[in-house]
Each structure stands twice: as structure tokens, then as C-alpha cells.
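J.: Output the structure for:
(one chain, ligands or ions: 1)
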Amino acid sequence: MSWKRVSLCILVELALLAGHGGVLRAQINQGPPSFGIPFPPPLVGDTSALAREAQDWLVELVKINTTNPPGNEQAVAKYLAGILTKEGITPEILDVAPGRSALVARLRSSAVAEPSKAFLLVAHMDVVGVDRSKWSVDPFGGIIKDGYLYGRGSIDDKGMLAANLAAFLALKRSNVRLNRDVIFLATTDEEQFGDASMKTLIAKYWDKFAAGYAINEGGNAVVKDGKVQHVAVQVDEKVPVNVAVIAKGTAGHASIPTKDNAVVHLAAAVAKIGDYTAPVHFTSITRRYFEGLSTLEDEETGKWIRVVDTPDRGEHAQRVLSDANPLWNSMMRDSIAPTMLQAGVRVNVIPSEAQANLNIRLLPGDTVSALLDELTKLVNDPLVHFEVEPDAGLAAPNSSIETDLYATITKVCAREFGGAPVLPFMSTGATDSAQLRLHSVQAYGLRPFPLTEEDDRRVHGDDERLPLAAFAKGVDLLTHIVAEFCVTK
Ligand SMILES: [Zn+2]
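T.: Numbering: from 1, shown residues only. From the prediction side, this is the model:
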């Protein structure tokens with residue numbers, strides 16, 4: 001590197017230091033080691049004060065009950081608008097339905113304005129319901145105990161919402177030059193994917209947040225034996241489809257049982273479906289995921305993962321791995337979970353109809369009609385038929401693992417998490433990213449908070465809680481990623 005370049009960099013630094021200060025530090029990187037500057041020095045300084053501030057926002061966010069339905073996300077949107085306005089940013093409230101509003105805010109790049117380059121930080125404001133009797137604390141109390149913030153949404157997804165806001169404000173406060181527009185988006189109705197969901201937001205307001213890149217929920221920083229084993233970055237997801245299984249028979253007096261009892265026929269069909277295992281099929285993403293995992297798991301598991309897609313030992317390996325881990329089982333095949341049963345109006349009346357709901361998750365590329373052909377053959381009962389519900393998700397192309405953003409996430413995760421690798425991940429659950437991918441956004445699912453399996457299991461469950469140290473780490477990670485990707489170098 002030439003002297004000219006070094007002095008230019010120092011000038012940049014001085015110009016920046018004369019500005020607002022804040023978390024981001026100017027870059028005097030690329031300096032040779034003889035300058036005594038670490039190579040390369042971090043782009044972002046100490047984020048601990050920022051994380052403490054973001055923790056206070058998160059506590060307030062948890063206290064605003066946005067159980068969906070009804071959602072009531074407008075209250076959160078207003079709270080966020082207050083913070084942004086104080087920072088000199090003018091947010092826009094996007095009304096979607098009564099009491100339900102999204103929020104968008106933008107930091108403009110003076111250099112590049114194309115939407116295809118813009119970067120979107122997205123998180124949803126709604127949460128799933130709670131069974132209060134099973135919680136040890138008030139789920140909407142914002143209670144901090146033993147180093148954890150307890151509360152519905154502390155992980156899913158208000159933690160990410162607060163961390164996104166922190167990273168966004170860090171950019172604003174530092175007054176740095178952006179190489180692209182950076183957009184903060186807080187969404188509605190993610191948990192129900194109903195009328196106020198991302199689909200509606202895109203239909204009504206796409207021009208307000210059109211972007212080429214996004215970071216959303218959907219990934220996981222997996223902690224094993226006290227350290228981050230790997231970071232799963234979601235680049236694809238299974239497609240949810242609900243199917244009704246309906247049995248029809250003759251109604252009658254329960255004292256005179258008949259052979260065509262709808263309850264009996266439905267129960268037999270559901271039992272067969274419960275035993276069914278769809279064939280294994282690897283997508284390019286799951287193949288990469290398992291390849292990466294094979295060197296990280298214990299020796300025995302790694303041995304099976306390495307042969308999982310081979311003709312001779314593959315089938316046995318698939319069985320071993322499916323039994324060992326229900327997530328892997330679902331990643332390898334279409335899955336079917338019966339979730340609801342309905343039949344009968346009186347204890348002494350044989351009903352004419354009985355119905356079950358199957359929650360199906362298809363691998364991208366698979367079709368529900370092919371799966372239902374199989375199930376029809378399996379059930380083999382003229383009294384039973386299937387009806388596909390109209391709320392099916394849409395298959396989207398996966399995000400590329402060749403983009404600069406994916407490379408940045410990989411680099412920063414390795415640096416921040418002691419060399420932990422990033423593995424591309426297809427989530428079994430659905431997120432708003434599918435909608436974004438259908439609009440040509442390279443969307444990546446990241447959960448920046450390193451969590452143990454024990455804490456991960458509480459998401460959507462009882463006593464959901466976020467370790468505060470993990471939250472601070474997540475704020476730090478996300479701020480670094482955003483700075484590396486969006487600040488002009
Ligand atoms: Zn979520």
C-alpha cells in the first residue's frame with residue numbers, strides 16, 4: 001500500500017472523528033503492521049453501551065403485548081417511531097389494518113440510490129400467544145432474572161427488532177458514508193401470516209422498502225459445550241401447506257354402531273399417515289449444511305453424516321440421523337404433522353363427518369399433489385378424501401450463498417464467534433423471507449444471539465427467555481455485519 005493511500009485514510013479518519021463519534025470508528029485499515037495498528041483494525045468500536053441501551057428498548061418492547069391475534073403492532077410502531085424521531089430520523093408508519101401498522105425508516109446513501117443495492121433490516125413486532133398458567137413470571141412484565149430477560153417475544157422476534165434498531169442507529173450516529181441505502185422495517189402479522197402480513201405490506205408499500213439484500217430472523221447461532229459450534233444462516237425454507245383429511249359416513253344412533261363410522265375411518269387414516277415417512281431428498285442447500293456439520297458433530301454422528309447421501313450406506317445413515325434429530329429428519333424430507341381433530345356433536349350420536357388437519361412442510365420443489373397421491377394410496381379408503389386449504393405458502397428460490405452479504409456474514413461470524421463456521425440452512429419453519437425472495441431480495445435468516453438448545457426450545461413455548469449476555473453479543477455481531485456491508489470503504 002502506498003504512502004498516499006495511508007495519508008488519505010488518515011484524513012478520512014480525522015474527518016470522521018470530527019463528526020459525531022458514536023460506535024463506528026473510521027477506517028485506517030490496510031496499514032502495514034509496522035504502524036502498530038492491528039491488521040485490519042475493527043470497523044466498529046465497543047458496542048457494550050449501545051447494547052445496554054438496546055436492552056432497555058427490548059424490555060419496553062416485551063411489555064407491549066402484541067399477541068397475534070389481534071396483534072396490536074401499532075403500539076410498538078409508535079414506540080419505535082419515538083426513538084427514531086429523537087435520533088433525527090423521520091420514520092413512516094405504514095397502516096395495514098385497524099390497530100396494525102408497520103414502520104419503516106431509511107438512512108440514505110449519498111452515493112448509491114438503487115433499490116437493488118439497498119439493505120433491509122427486518123423483524124416482526126407480533127408474538128404468539130401464551131399459556132399464562134405455565135409461566136413462572138408475567139410474560140409481558142419485562143422481568144430480568146438471573147441474567148435473562150423473560151418474556152414472550154424476548155427471542156422471537158423483539159430481540160432481533162431491538163438489535164436491528166441498535167445497528168441502524170449506530171450507523172446514523174456515526175455519520176459515516178453509506179455505500180447503499182439502509183432500511184429498518186418492523187412488520188406485522190408474521191406469526192399468523194394473515195391479512196396484515198408481509199404479503200400485504202409488499203402489495204401496498206413495496207416502494208417504501210424495496211431492497212436487494214435483507215437480514216431477517218430464521219437462523220441460529222448454535223451453542224454447544226459453552227461455545228458457538230456453528231452459525232446456521234437461513235437461505236431457504238420449507239413450504240407450509242395445510243390439508244384437511246375428511247371421512248364421511250352415515251349419521252346415526254350410537255347404540256347401533258355401523259361399519260362406516262366417520263370417526264373410525266378418520267382415526268385409521270390418521271394412524272397410517274402418522275406412520276408414513278416421505279422419501280429423502282437433498283437440496284443443494286441441505287447437502288452443504290450436512291457437509292459442514294459432518295466435521296463439527298461428534299465422531300459417531302459425523303461418520304453417519306458423511307455417508308448420508310451415498311448409495312450403499314445412505315439409507316441406514318438417513319434412518320440413524322432422522323432418529324437422532326427430528327430437525328434433521330424434517331430437513332431431509334416432506335413432513336406431515338396431524339395437528340387438529342374435529343368430530344361429533346353429542347356423546348350418543350355417530351357423526352356423519354370427521355376431519356383432521358395435516359400441517360405439511362414441503363421441501364422446496366416438491367408438490368402437495370404428488371404427496372397426496374401417495375397418501376391416497378396409503379389410506380386406501382373410499383370414505384376418506386383430502387382437501388388442500390387455500391392458505392398454502394409459496395415456494396421461493398433460495399438466496400445465493402455467493403453474495404457479498406453472505407461473505408460478510410461468514411467473515412464477521414468467524415471473527416466474533418472464535419472461528420465458528422457459517423452453514424447455509426434451510427429452515428423447516430416459514431418466515432417472511434420467502435415473500436422477500438419472491439421479490440428478488442437476497443434475504444438471510446440470522447439469529448445473532450448465541451443460544452443453547454435449552455433456551456432455543458422455549459421459543460413459542462413457556463418461559464421464553466433471552467440471556468442478556470447473548471443479546472449484547474448479538475447487538476455487537478449485527479452492528480459489525482451492517483457496518484462491514486453498508487459503510488463505504
Ligand atoms: Zn419470528
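J.: Domains in the chain, by residue range?
T.: Domain assignment for the chain by automatic domain parsing gives 3-35, 48-218+431-486, 280-321.
J.: Model confidence for Thr488, exactly?
T.: pLDDT recorded at Thr488 is 89.
J.: Any figure for the gap between it and Val176?
T.: Separation of Thr488 from Val176 (C-beta to C-beta, to the nearest Å): 7 Å. For the C-beta atoms, the positions are set from N, CA and C on the backbone; glycine is no exception.
J.: Of these two, which one has the most company?
T.: Val176 (24 against 14; other C-beta atoms under 10 Å).
J.: what kind of secondary structure is the more buried one in?
T.: coil (DSSP: H, G, I helix; E, B strand; the rest coil).
J.: Return the nearest residue of the stretch 1-150 of the chain with respect to the ion.
T.: Using C-beta to the ion, the single residue of the stretch 1-150 of the chain nearest to the ion is His124, 5.6 Å away.
J.: Just to check, that residue is in contact with Gln192?
T.: No - look at His124 against Gln192 with C-beta atoms under 8 Å: they stay out of range, at 10.5 Å.
J.: Could you list the low-confidence segments of the protein?
T.: 1-43 (pLDDT under 70).
J.: Next, find the distance separating the residue nearest the centre of it from Val307.
T.: When the chain is reduced to its mean C-alpha position, the closest residue under C-alpha atoms, centre = their mean turns out to be Gly218, at 1.8 Å. Taking C-beta to C-beta as the measure, Gly218 falls 29 Å from Val307.
J.: Would you mind listing the buried residues in stretch 141-158?
T.: For stretch 141-158, the neighbour count (16 or more other C-beta atoms under 10 Å) marks 142-143, 148-158 as buried.
J.: what residues are up against the closest residue in space to Gly151 that isn't next to it in sequence?
T.: Closest residue in space to Gly151, ignoring its immediate chain neighbours: Val62 at 3.6 Å, by C-beta to C-beta, 6 or more residues apart in numbering. Residues near Val62 by C-beta atoms under 8 Å, 6 or more residues apart in numbering: Phe140, Gly141, Gly142, Leu149, Gly151, Arg152, Gly153, Ser154, Lys158.
J.: how about Arg382, secondary structure?
T.: Not quite, residue 382 is Pro, not Arg. Under three-state DSSP, the three-state class of Pro382 is coil.
J.: what's the answer for Tyr79, then?
T.: Three-state secondary structure (criterion: three-state DSSP) places Tyr79 in helix.
J.: Around it, how many other residues sit close by?
T.: Counted with other C-beta under 10 Å, residues neighbouring Tyr79 total 18.
J.: Quick one: the strands in the stretch 151-300 of the chain, in order.
T.: 182-187, 213-216, 220-224, 227-237, 239-248, 252-253 (DSSP state E, counting those that start in this stretch).
J.: near the ion at all, the fourth one?
T.: No - against the ion, strand 227-237 shows no contacts by C-beta under 5 Å from the ion, the least distance being 11.4 Å.
J.: Check which residues of the strand or helix carrying Arg319 are buried.
T.: Per DSSP states H and E, Arg319 falls inside helix 314-324. Across helix 314-324, burial judged by 16+ other C-beta under 10 Å covers Ala317, Gln318, Val320, Leu321, Ser322.
J.: cool, stretch 399-417 as well?
T.: Ser399, Ile401, Thr403, Leu405, Tyr406, Thr408, Ile409, Thr410, Val412, Cys413, Glu416, Phe417.
J.: show me what contacts the third one?
T.: If a contact means C-beta under 8 Å, 6+ apart, then Thr403 has Tyr213, Gln442 as its contacts.
J.: Would you mind measuring from it to Asp181?
T.: 17 Å.
J.: residues near Lys63, how many?
T.: Neighbour tally, Lys63, other C-beta under 10 Å: 15.
J.: That one touches Gly142, doesn't it?
T.: Yes - applying C-beta under 8 Å as the test, Lys63 and Gly142 come out as touching, 4.5 Å apart.
J.: would you say Ile336 is within a strand?
T.: Yes - applying three-state DSSP, one finds Ile336 inside a strand.
J.: hey, what's it bridged with?
T.: Bridge pairing for Ile336 (DSSP bridges) gives the partners Ile360.
J.: quick one: contacts for Ala337?
T.: Leu358, Asn359, Ile360.
J.: Please list only the buried members of those residues.
T.: Of the contacts of Ala337, these count as buried by 16+ other C-beta under 10 Å: Leu358, Ile360.
J.: how about the contacts of Ala337 in TSV, adding distance to the ion?
T.: Below are the contacts of Ala337 laid out as TSV (distance: C-beta to the ion, whole Å):
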residue	distance to the ion
Leu358	23
Asn359	17
Ile360	20
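J.: Widest-spaced pair of the contacts of Val62?
T.: Within these, Gly141 and Lys158 form the most distant pair, 13.7 Å apart (C-beta to C-beta).
J.: hmm, back to that, would CSV of the contacts of Val62 with distance to the ion be doable?
T.: Shown next, in CSV, are these (distance: C-beta to the ion, whole Å):
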residue, distance to the ion
Phe140, 17
Gly141, 21
Gly142, 19
Leu149, 16
Gly151, 14
Arg152, 11
Gly153, 9
Ser154, 12
Lys158, 9
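J.: So which of His124 and Gln192 has more stuff around it?
T.: Neighbour totals were compared for His124 and Gln192, and His124 leads with 30 against 16 (other C-beta under 10 Å).
J.: For whichever helix or strand comes after the helix holding Arg319, which outside residues touch it?
T.: Next in sequence after helix 314-324, counting helices and strands by DSSP H and E, comes helix 326-332. Helix 326-332 is contacted by residues 238, 280-282, 286, 289-290, 318, 321-323, 335, 361, 426, 428 when judged by C-beta under 8 Å, 6+ apart.
J.: quick one on the thing from earlier: most tightly packed of the domains of the chain?
T.: Highest mean neighbour count of the domains of the chain: domain 48-218+431-486, a mean of 21 (counted as mean count of other C-beta atoms under 10 Å).
J.: That one: how far from the chain's middle?
T.: Remark: domain 48-218+431-486 is offset 11 Å from the chain centroid, using C-alpha atoms, centre = their mean, to the nearest Å.
J.: What are the neighbouring residues in contact with the residue in the stretch 201-350 of the chain that the ion sits nearest to?
T.: As assessed by C-beta to the ion, the ion sits closest to Glu217 within the stretch 201-350 of the chain, at 4.8 Å. Contacts for Glu217 were tallied using C-beta under 8 Å, 6+ apart; they are Ala123, His124, Asp156, Asp157, Met160, Thr431, Gly445, Leu446, Arg447.
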